[in-house]
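K.L.:
Sequence and predicted structure are below.
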Amino acid sequence: MPREDRAEGGLGRRAFFSAGLAAAAGTAAACCPKVRAAAPGAHTAQRVRWRLASSFPSSLDTIYGGAVVLAERVAAMTGGAFEILPYESGEIVPGLQVMDAVHSHTVEVGQTASYYYKGKNPALVFDTCVPFGMNARQQAAWLLEDGGLELVHELFADFGIVTFPGGNTGAQMGGWFREDLGSLEDLRGLRMRIPGLGGDVMKELGVTVQVLAGGEIYQALELGTIDATEWVGPYDDEKLGFHKVARYYFYPGWWEPGPSLSFFVNREAWDRLPPSYQAIFRAASQEAAATMTNRYDAKNPPALERLLAAGVELRRFPDDVMQAAREASRQILEDNAAADAGYAKIYRAWETKRAAYFRWFGAAELAYAEFAFR
Ligand code: CA
């Protein structure tokens with residue numbers, strides 16, 4: 001959608017018009033049940049228009065694409081009566097202020113990652129991911145089928161926000177380093193862009209941590225304001241061009257083994273939605289989530305091949321980095337739990353499920369991957 005079209009609300013007028021046409025067609029065709037049944041929106045005439053603020057640039061068709069799929073599906077399922085207009089990072093608010101924008105009802109819905117806001121409540125990280133935590137399938141199972149989302153919703157109730165899982169990148173890469181790393185010692189003193197709890201762990205390992213939104217990272221790395229950055233994985237990283245300014249590409253992103261993105265909805269706006277629109281929003285958010293993960297799994301393999309062909313050096317994190325990071329991660333989680341009963345409640349519940357999931361995935365899935373993926 002062209003930006004000027006959105007700014008003028010042009011799509012909105014078109015959608016309203018076609019919804020009206022559909023309703024009129026339904027009425028005119030009352031003699032013909034087949035046609036009337038096919039007219040979309042005839043029974044859901046209430047018009048709702050929401051603005052969506054994303055934390056991500058529209059150039060990332062994987063992550064930002066989740067917001068576009070949500071908007072398209074909601075419109076399609078309501079004959080255009082329920083409109084969601086997505087705006088990329090910076091158009092309405094900066095990428096890291098999406099939660100505030102939803103809380104204050106500047107926008108009705110946001111597309112973001114809960115762990116960006118751990119300063120508001122450290123326990124919000126469990127909605128996204130935790131270092132050495134669950135992979136994408138495990139995080140989805142916990143949130144949607146094993147009680148996780150209920151615990152997350154308790155946290156967000158304080159902010160007048162309802163959250164919905166909105167996609168997952170899968171296990172991320174460890175990121176781009178201007179210099180090679182031989183051991184844990186080489187990490188000390190580096191300046192790295194890394195958000196969330198992963199940033200807290202890196203601090204423990206001696207790294208100076210910065211949180212920058214996606215659109216700001218390349219320049220900082222190019223100018224040498226930072227020495228390293230993580231972002232997502234081959235497909236998105238290639239688009240942002242990090243390989244042009246940093247040669248060494250490390251894996252795995254142990255701080256993001258399966259980060260779940262979220263749609264945040266303002267509670268008042270949600271409560272005002274007709275129940276049928278709430279059901280449609282839920283279904284559309286699930287389709288958006290599945291689409292995001294599928295795109296990553298399809299687009300990352302050829303992107304990695306292109307990066308390697310361009311001269312990128314692939315590196316596995318040294319064992320002492322992995323071991324120190326896992327120990328620091330555990331200690332941070334335990335310290336946070338000791339300091340706050342609310343944090344302890346969600347951490348213990350999550351930890352119990354993680355242990356069970358790891359036992360199960362450590363059998364068939366792991367044996368298959370170890371043998372077949374090599
Ligand atoms: Ca990342």
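P.N.:
Yep, it's here. Numbering: from 1, shown residues only.
K.L.:
Flag every residue of the stretch 251-374 of the chain that's near the ion.
P.N.:
Taking CB under 5 Å from the ion as the contact definition, the stretch 251-374 of the chain meets the ion at Glu256. All C-beta atoms are positioned from the backbone trio N, CA, C, and that covers glycine.
K.L.:
what about the residue of the stretch 251-374 of the chain found nearest the ion, how many neighbours?
P.N.:
Residue of the stretch 251-374 of the chain nearest the ion, by CB to the ion: Glu256 (4.8 Å). Using other CB atoms under 10 Å, Glu256 is surrounded by 30 other residues.
K.L.:
do Gly342 as well
P.N.:
Gly342 has 15 neighbouring residues, counting by other CB under 10 Å.
K.L.:
still on that earlier bit, next one: the residue lying closest to the residue of the stretch 251-374 of the chain closest to the ion once chain neighbours are set aside from Glu351, what distance?
P.N.:
Distances taken as CB to CB, 6 or more residues apart in numbering place Gln172 nearest to Glu256, at 4.2 Å, with adjacent residues excluded. Distance, Gln172 to Glu351, using CB to CB, to the nearest Å: 22 Å.
K.L.:
Comparing the two, which residue is more hemmed in?
P.N.:
Between Gln172 and Glu351, Gln172 has the larger neighbour count (other CB under 10 Å), namely 24 against 18.
K.L.:
part of a helix, is the more buried one?
P.N.:
No. Under DSSP: H, G, I helix; E, B strand; the rest coil, Gln172 falls outside any helix and is assigned coil.
K.L.:
list the contacts for the residue nearest to Glu256?
P.N.:
With contact set as CB atoms under 8 Å, 6 or more residues apart in numbering, Gln172 has these partners: 230-233, 252-253, 256-257, 259.
K.L.:
Out of those, which two sit at the greatest distance?
P.N.:
Trp231 and Pro257 (15.4 Å; CB to CB).
K.L.:
quick one, strands of the stretch 151-300 of the chain?
P.N.:
Listed in chain order, the strands of the stretch 151-300 of the chain (DSSP state E, counting those that start in this stretch) span 161-168, 175-177, 191-193, 208-210, 228-229, 248-251, 260-266.
K.L.:
Adjacent strands (with direction) for the fourth one?
P.N.:
So that's strand 208-210. Paired neighbours of strand 208-210 in the sheet (DSSP bridges): strand 191-193 (parallel).
K.L.:
can you pull the contacts of Ile194?
P.N.:
For Ile194, counting by CB under 8 Å, 6+ apart, the contacting residues are 175, 202, 207, 209-211, 229-230, 255.
K.L.:
Also Glu88?
P.N.:
54, 56-58, 64.
K.L.:
got any ranges where the stretch 151-300 of the chain has weak pLDDT?
P.N.:
Along the stretch 151-300 of the chain, no part satisfies pLDDT under 70.
K.L.:
Could I get the full set of helices for it?
P.N.:
Assigned by DSSP state H, counting those that start in this stretch, the helices in the stretch 151-300 of the chain fall at 196-204, 217-223, 234-240, 267-272, 275-309.
K.L.:
which parts of stretch 57-75 are buried?
P.N.:
Judged by neighbour count using 16 or more other CB atoms under 10 Å, the buried positions of stretch 57-75 are 57-58, 60, 62-71, 73-75.
K.L.:
tell me which of these is nearest to the ion?
P.N.:
Distance to the ion across the buried residues of stretch 57-75 (CB to the ion) is lowest for Ile63, with 10.4 Å.
K.L.:
Please name the spatially closest residue to that closest one (chain neighbours excluded).
P.N.:
Distance criterion CB to CB, 6+ apart; nearest residue to Ile63, sequence neighbours excluded, is Phe56 at 4.7 Å.
K.L.:
go on, Gln46?
P.N.:
Closest to Gln46 by CB to CB, 6+ apart is Pro274, at 5.8 Å.
K.L.:
Distance check, the one you found against Ala75.
P.N.:
15 Å.
K.L.:
same deal with Ala367?
P.N.:
44 Å.
K.L.:
Is the spatially most central residue of the chain bridged to anything, and to what?
P.N.:
Centrality entry for the chain: nearest residue to the mean C-alpha point is Leu261, 2.2 Å, by CA atoms, centre = their mean. Per DSSP bridges, residues listed as beta-bridge partners of Leu261: Gly167.
K.L.:
got the contact list for it?
P.N.:
Leu261 makes contacts with 63, 66, 111-113, 128, 165-169, 289, 292, as judged by CB under 8 Å, 6+ apart.
K.L.:
Check what pLDDT Ala141 gets.
P.N.:
Ala141 carries a pLDDT value of 98.
K.L.:
burial count for it?
P.N.:
When neighbours are counted by other CB under 10 Å, Ala141 registers 15.
K.L.:
pretty sure it is in contact with Trp360, am I right?
P.N.:
No. Ala141 sits out of contact with Trp360 when judged by CB atoms under 8 Å, with a separation of 10.1 Å.
K.L.:
so the residue nearest to Ile63 touches Pro94, yeah?
P.N.:
No. Contact criterion CB under 8 Å: Phe56 and Pro94 do not qualify, at 11.7 Å.
K.L.:
which of the two has more neighbours?
P.N.:
More neighbours surround Phe56 than the other of Phe56 and Pro94, with 25 against 16 (other CB under 10 Å).
K.L.:
what about the more buried one, which helix or strand?
P.N.:
Counting by DSSP states H and E, no helix or strand carries Phe56.
K.L.:
OK, contacts around it?
P.N.:
63-64, 67, 88-89, 95, 111, 214.
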